[in-house]
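Asker: please work out how this folds:
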Amino acid sequence: MDFPPRFTDSFTRESALKHNTRDEAERLKQIIQIDAQLNKIQDLDILLERILLEARRAVGADAGTIYIRNGDKLDFKYSQNDTKQKQLAPGQKLIYSLFSVEITRNSISGYAADSGEILNIPDCYDIPEDAVYGFDPSYDKITGYKTVSMLTFPLLTNTGDNLGVLQLINPLSEDGSIRTFDATDELFAEHFAANASIALQRAQMTRAILLRMNSMAEMRDPGETGAHVNRVGSYAVEIYERWAHHTDIPERERERTRDILRMVAMLHDVGKVAISDVILKKPGPFDAEERRTMETHTIQGAKLFRDKQSEFDDIAAEVALTHHECWDGSGYPGFVDLDIDDLDTLLAQMRKDPRKGEEIPLFGRIVAIADVFDALLSRRVYKPAWTEDDVVGEIRKCAGTQFDPDLVDIFFEVLPQLMQVRKRYPESH
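Answerer: Next comes the predicted model:
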């Protein structure tokens, strides 16, 4: 099989434009609409999933993957597959392996990243022998899904820097059969990649800002690592999404909320920057007074968002304030007046008027589970990591006392996804 340079269908770029003017106009309109949607998303992980979804929808691809560049490697981030998804129960998600690919021209994704070119392969099992890249069928064997037609293109900045690679797999015709990607699909890929890369750069900057904000807390408390807060943010979204599925939350509201929640959950303990090192870094257990002072990090965190400019500030304040509340009313800080600046007055208010049950905002209840789950699974200077069995046993035991029992049920529904999140964001040590 001969592969014409870049274009693998029976007509050239010029003829594609000549004979598909109406289709191109519709595609350009679609790209503009997608661009507007992507620009509304601020969180990096939420954006990566949405980029992959919108690209697949635009060309009718049954499956796809997205990689992000990490030095001289491509990190596999997200995969979507409609055929495999339909085999799952409603609300469940695919579980897939996480790995990295060297940026060399030996692999399809590595070639696209290294060369900056689009690769359009009609049949991954019939690549010419003289091609420098090859297809690895091992993942197909594991999943039982056959990759046939593939369109792979780099995500490049306007200066030519590579941010990652997007692969679209098995576009479907109206009758459900697999077709090949055509020149119109390639033109779409070029336009889409340019817009997606701009949104991706912005989201990466936002993530960097959030991690820098958190690094202030990390310098004070070594437990607040970038990996920890990324995991807590991802756990919170997984729990929220399943809760939203059960409660029939409209998709538009679900999308907006998960974007904000993913970011604010990363800042749940940012108030620790206001706690004295004498207390925060004390090697032994706290006495009663020190513990009460430590508990004010919830109030101090909420106060950082007191000058509210958007829904982000509202939810960030809510999560910072309430993620240590308990379902039975035994948590902290309780109902307090955030307009009070005097610490002694705030200490006197804490726990006097406790929150319990649904008085605790939903996002605070979600992050409470996410935070404890990750903290128990992680090694700290003051404790070893718990086993997964011990941690899930503790979460189950605390249902109805520390945690919302309905959210604990949801926690167990999404536990496989939560464990995958831990693999996506491992500790650096």
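
Asker: so which elements touch the lengthiest helix in the chain?
Answerer: Longest among the helix segments of the chain by residue count, using DSSP state H, is helix 183-220. Contact partners of helix 183-220 among helices and strands, from 3 or more CB pairs under 8 Å, 6 or more residues apart in numbering; DSSP states H and E: helix 13-19, helix 21-38, helix 44-59, strand 150-156, strand 162-171, helix 226-246. C-beta coordinates here come from the backbone N, C-alpha and C atoms, glycine included.

Asker: got the angle for that helix vs helix 44-59?
Answerer: Helix 183-220 runs at 170 degrees relative to helix 44-59, counting by axes from the mean of the first three to the mean of the last three CA atoms, to 10 degrees.

Asker: just the buried residues of helix 183-220, please?
Answerer: Buried residues in helix 183-220, counted by 16 or more other CB atoms under 10 Å: 183-189, 191-193, 195-200, 202-203, 206-207, 210, 213-214, 217-218, 220.

Asker: for the most centrally placed residue in the chain, give its distance to Lys423.
Answerer: Central residue of the chain (CA atoms, centre = their mean): Asp45, 2.9 Å from the mean position. Distance of Asp45 to Lys423, computed by CB to CB, to the nearest Å: 14 Å.

Asker: stretch 336-348: end-to-end distance?
Answerer: The stretch stretch 336-348 measures 10 Å between its terminal residues, going by CA to CA, to the nearest Å.

Asker: next, the buried residues of it.
Answerer: Using 16+ other CB under 10 Å as the test for burial, stretch 336-348 gives Val336, Leu346, Leu347.

Asker: next one: stretch 257-276
Answerer: By 16+ other CB under 10 Å, the buried positions in stretch 257-276 come out as 257-275.

Asker: where does Pro128 fall, phi/psi-wise?
Answerer: Main-chain dihedrals, Pro128, degrees, to the nearest 10: phi -50, psi 140.

Asker: wait, Tyr425 touches Arg231, no?
Answerer: Yes: with contacts counted by CB atoms under 8 Å, Tyr425 reaches Arg231, the gap being 4.9 Å.

Asker: give me the more crowded residue out of those two.
Answerer: Between Tyr425 and Arg231, counted using other CB atoms under 10 Å, the more crowded position is Arg231 (26 against 19).

Asker: tell me the contacts of that one?
Answerer: By CB atoms under 8 Å, 6 or more residues apart in numbering, the residues touching Arg231 are Ala370, Asp374, Val421, Arg422, Tyr425.

Asker: stretch 173-183: which residues count as buried?
Answerer: Applying 16+ other CB under 10 Å to stretch 173-183 flags Ile178, Arg179, Thr180, Phe181, Asp182, Ala183 as buried.

Asker: tell me the pLDDT of the second one.
Answerer: The model reports Arg179 with a pLDDT of 97.

Asker: what sits closest to it if chain neighbours are left out?
Answerer: Using CB to CB, 6 or more residues apart in numbering and skipping residues adjacent in sequence, the residue nearest Arg179 is Ser173, 4.7 Å away.

Asker: for Arg306, same thing?
Answerer: Arg306's closest residue in space is Leu338 (CB to CB, 6+ apart), at 6.3 Å.

Asker: how is the chain divided into domains?
Answerer: Per the record, the chain has its domains at 13-203, 221-424, by automatic domain parsing.

Asker: which regions of the chain sit below the pLDDT cut-off?
Answerer: For the chain, the stretches flagged by pLDDT under 70 are 1-25, 27-28, 217-224, 381-382, 428-429.

Asker: most surrounded residue in the contacts of Arg231?
Answerer: Result: Ala370 is most packed of these (other CB under 10 Å), 26 neighbours.

Asker: does that residue touch Val237 like I think?
Answerer: No: the criterion here is CB under 8 Å, and Ala370 misses it with Val237 at 9.1 Å.

Asker: anything in contact with each of those two?
Answerer: With CB under 8 Å, 6+ apart as the test, Ala370 and Val237 both reach Ala265.

Asker: and stretch 280-299, which residues are buried?
Answerer: Of all the residues in stretch 280-299, those buried under the rule 16+ other CB under 10 Å are Leu280, Glu290, Arg292, Thr293, Met294, Glu295, Thr296, His297, Thr298, Ile299.

Asker: right, and Arg179 touches Asp185 too?
Answerer: No: under the criterion of CB under 8 Å, Arg179 makes no contact with Asp185, lying 9.6 Å away.

Asker: mutual contacts of these two, please.
Answerer: Contacts common to Arg179 and Asp185, judged by CB under 8 Å, 6+ apart, are Pro171.

Asker: can I get the helices and strands packed on helix 183-220 in a markdown table including distance to Arg306?
Answerer: Shown next, in a markdown table, are the helices and strands packed on helix 183-220 (distance: least, CB to CB, whole Å):
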| stretch | distance to Arg306 |
| --- | --- |
| helix 13-19 | 55 |
| helix 21-38 | 31 |
| helix 44-59 | 26 |
| strand 150-156 | 38 |
| strand 162-171 | 36 |
| helix 226-246 | 21 |
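
Asker: among the ones you listed, which is nearest Lys308?
Answerer: helix 226-246 (20.5 Å; CB to CB).

Asker: roughly how far is that closest one from the heart of the chain?
Answerer: Using CA atoms, centre = their mean, to the nearest Å, the mean C-alpha position of helix 226-246 is found 8 Å from that of the whole chain.
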